[in-house]
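Colleague: Here is a sequence with its predicted model. Questions after.
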Amino acid sequence: MRALLLLIALGLLAGCDRAPEVTFADSSITLPDDPMDLPDLPGRDAVIANCTACHSPSTMLQQPKVNREKWESQVKKMVEIYKAPIDPQAVPAIVDYMVAVQAQQADTEAP
Ligand code: HEC
């Protein structure tokens, strides 16, 4: 039985001695234009440096309005769950910015 297993293993190994051919082709994609731009408020640079690698401005600007504590926990979640490389020193500026943006949005949405 052992000898048989050994033979099967050797047979499998022999079949794996050559890597499959890999060929590369040039290709490109066009991302859609984002219709929204981050408003010019203090902390904008921190958000661009730490968040927009993964999120478009539209994604950042179309979040439900939440308070400061919730934004702090959102940023913490980005770091801990999604492993976002966020500069810890930039976090207060990012949180200030998101709170200020949502306050501004609430002002302009008022009837
Ligand atoms: C490494 C990539 C990455 C970076 C950088 C990143 N995020 Fe995220 N973020 C994610 C992923 C993944 C999700 C969850 C998937 C989704 O909902 O799109 C998410 C979701 C969110 C959400 C939706 C709510 C939620 O809890 O799912 C908010 C708000 C958010 N991110 C804010 C931020 C802010 C603010 C920053 C900058 C401080 C940031 N993100 C940086 C990856 C990232």
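Modeller: Done, it's in. In this text the structure is predicted, and so the values were computed from the model without any measurement.
Colleague: Specify the local secondary structure of the residue nearest to residue 102 when sequence neighbours are not counted.
Modeller: By the measure of Cβ to Cβ, 6 or more residues apart in numbering, the closest residue to residue 102 outside its immediate chain neighbours is residue 65, 4.8 Å from it. Where C-beta positions appear, they are placed from N, C-alpha and C, glycine not excepted. With DSSP: H, G, I helix; E, B strand; the rest coil as the basis, residue 65 sits in coil.
Colleague: Contacts for the longest helix along the chain, please.
Modeller: Counting residues, the longest helix in the chain under DSSP state H turns out to be helix 91-109. Around helix 91-109, the neighbours that count as contacts under Cβ atoms under 8 Å, 6 or more residues apart in numbering are 38-39, 41-44, 46-47, 50-51, 60-61, 63, 65-68, 71-72, 74-75, 86.
Colleague: what's the distance between that helix and the middle of its chain?
Modeller: 20 Å (Cα atoms, centre = their mean, to the nearest Å).
Colleague: Flag every buried residue along it.
Modeller: 91, 93-99, 101-102 (16 or more other Cβ atoms under 10 Å).
Colleague: sorry, back to before: who's in contact with the residue nearest to residue 102?
Modeller: 102, 105-106.
Colleague: and the chain, which residues reach the ligand?
Modeller: Contact residues, the chain versus the ligand (Cβ under 6 Å from any ligand atom): 50-51, 53-55, 63, 74-75, 77-78, 82, 84, 86, 94, 98.
Colleague: residues touching the residue nearest the centre of the chain, list them.
Modeller: Centroid check for the chain by Cα atoms, centre = their mean gives residue 54 as the closest residue, at 3.2 Å. Each residue near residue 54 by Cβ under 8 Å, 6+ apart is listed here: 82, 84.
Colleague: ditto for residue 57
Modeller: 34, 36-38.
Colleague: One more: residue 56?
Modeller: Per Cβ under 8 Å, 6+ apart, neighbours of residue 56: 34, 36.
Colleague: Distance check, it against residue 30.
Modeller: Taking Cβ to Cβ, to the nearest Å as the measure, residue 56 and residue 30 are separated by 14 Å.
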